[in-house]
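>>> build me a model from this:
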Amino acid sequence: MDLDLTQEIAQRLGSSPKAVGPLLEEVVQRILQTTAQGKTARLPGTGIFQDHGAGLVFEPDPGLAEIVNAPFSGLDTITLTQPAQVSETGRALRGRRTRRSMPHASRRRMRKHSQEHVLPGIGMIVIVGIIAAGAWFMLADRTADPARPDIAISASEESVPGDFSSPGDTLPLESETSPVLVPPVPNDTLAARPAPLRGDEDIDRTLGGYTIIVFSETNEEDARNAAQSWREQGFRVIILPDMQDDTPRYRVGVGQFDLLEEAARIRDALAGSELPQDAWVLRI
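Residues are numbered from 1 along each chain as shown. Below you'll find the predicted structure:
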């Protein structure tokens, strides 16, 4: 996969190209495997992929389509009317026309050059959104022991090997939430939110957002001790329990941020000094 695209997606996810690259390849391969079996691969909040025989077809989610079309929302509608009746003089002039006029070569080059810049730009928005969404689902619940990605299958299809969900299943944890559209937080809630990284209050999970994971183990007592240690250093703390391969795992996070970019910026600034070098960002 193109290194520049991988690096851009890694920055948006608050990760590194080395970690994101294989995951993006895995997302693409799982989409291809699913559609090759005649099934529909679905990325919640992004769209669906289907193979109609002539190639892979992507149908965007209404929310994603709205975001891509937003730059063109202010354009006026142009209505084409039926040409008026041609006069006798017009028909005579048209009859004397021996050949169609061709646009100047420089005009054709300018038109082609403009199309080459506009169309790939729009396509890149869709591609980045699709691939970033798939990688987000994989990174959102990943620890030092990587888990496979979660891609939902449409209700009319059977489940396939891997972590693809069957019609009756629900996706685990934050995979149910769209990575693109986040509901706005009321102003009164924002006003009451404490400082993001340090403070006396522990993190309120009901407020959502992102946190920086500094500890991840299968022993709950070890997690509680680690949380207390970070709490004594002045950090706001949360313990996020989870199940992986029927094994409980407890993650300790510090800080609560509204935006992924904000959490990643703090992580990068403090990693290796006040925070562990391998600290990573997780959605609460």
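
>>> in this protein, which spans are strands?
Taking DSSP state E as the test, the strands found in the chain are 41-43, 47-51, 56-60, 152-153, 210-217, 237-244, 247-257, 280-283.

>>> report the angle between the longest one and strand 210-217.
In other words, strand 247-257. 150 degrees (axes from the mean of the first three to the mean of the last three CA atoms, to 10 degrees).

>>> do the third one as well
Calculated by the same axes, to 10 degrees, strand 56-60 forms an angle of 120 degrees with strand 210-217.

>>> and the strands of the chain, which is most packed in?
Ranked by mean neighbour count under mean count of other CB atoms under 10 Å, the strands of the chain are led by strand 41-43, which reaches a mean of 26. Bear in mind the C-beta positions are built from the backbone N, C-alpha and C, glycine included.

>>> turn the strands of the chain into JSON lines, columns for mean pLDDT.
Shown next, in JSON lines, are those (pLDDT from 0 to 100):
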{"stretch": "strand 41-43", "mean pLDDT": "83"}
{"stretch": "strand 47-51", "mean pLDDT": "84"}
{"stretch": "strand 56-60", "mean pLDDT": "83"}
{"stretch": "strand 152-153", "mean pLDDT": "42"}
{"stretch": "strand 210-217", "mean pLDDT": "95"}
{"stretch": "strand 237-244", "mean pLDDT": "92"}
{"stretch": "strand 247-257", "mean pLDDT": "95"}
{"stretch": "strand 280-283", "mean pLDDT": "93"}
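
>>> can I get these in JSON lines with distance to residue 25?
Formatted as JSON lines, the strands of the chain follow (distance: least, CB to CB, whole Å):
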{"stretch": "strand 41-43", "distance to residue 25": "15"}
{"stretch": "strand 47-51", "distance to residue 25": "16"}
{"stretch": "strand 56-60", "distance to residue 25": "16"}
{"stretch": "strand 152-153", "distance to residue 25": "20"}
{"stretch": "strand 210-217", "distance to residue 25": "24"}
{"stretch": "strand 237-244", "distance to residue 25": "22"}
{"stretch": "strand 247-257", "distance to residue 25": "25"}
{"stretch": "strand 280-283", "distance to residue 25": "20"}
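
>>> tell me which of those strands sits nearest to residue 70.
strand 56-60 (13.0 Å; CB to CB).

>>> may I have that closest one exported as PDB, CA atoms only?
Written as PDB, here are the backbone C-alpha positions of strand 56-60 (Å, rounded to 0.1, in the frame of the first residue of the first chain):
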ATOM      1  CA  LEU A  56     -15.900  -4.500  -6.500                       C
ATOM      2  CA  VAL A  57     -18.700  -1.900  -6.000                       C
ATOM      3  CA  PHE A  58     -18.700   0.400  -3.000                       C
ATOM      4  CA  GLU A  59     -22.000   2.000  -1.800                       C
ATOM      5  CA  PRO A  60     -21.200   4.800   0.700                       C
END
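
>>> which neighbours does it have in its sheet, and in what orientation?
strand 47-51 (antiparallel) (DSSP bridges).

>>> who's in contact with the strand it pairs with?
Residues outside strand 47-51 that contact it (CB atoms under 8 Å, 6 or more residues apart in numbering) are 31, 34-36, 38, 40-43, 56-61, 64, 130, 154.

>>> can you give me the domain assignment for this protein?
3-72+106-153, 182-283 (automatic domain parsing).

>>> now these as a markdown table including distance to residue 79?
Below are those laid out as a markdown table (distance: least, CB to CB, whole Å):
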| stretch | distance to residue 79 |
| --- | --- |
| domain 3-72+106-153 | 17 |
| domain 182-283 | 36 |
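
>>> by mean pLDDT, show me the worst of those domains.
Note on the domains of the chain: domain 3-72+106-153 shows the lowest mean pLDDT, a mean of 67.

>>> for residue 7, grab the count of nearby residues.
Summarising burial for residue 7: neighbours were counted as other CB atoms under 10 Å, giving 14.

>>> state the distance from the spatially closest residue to it that is not a sequence neighbour to residue 11.
Closest residue to residue 7 apart from its sequence neighbours, by CB to CB, 6 or more residues apart in numbering: residue 17 at 4.7 Å. Relative to residue 11, residue 17 is positioned 9 Å away (CB to CB, to the nearest Å).

>>> ditto for residue 253
Using CB to CB, residue 253 is found at 21 Å from residue 11.

>>> so residue 266 sits against residue 259, correct?
No. Assessed by CB atoms under 8 Å, residue 266 is found out of contact with residue 259, at 10.7 Å.
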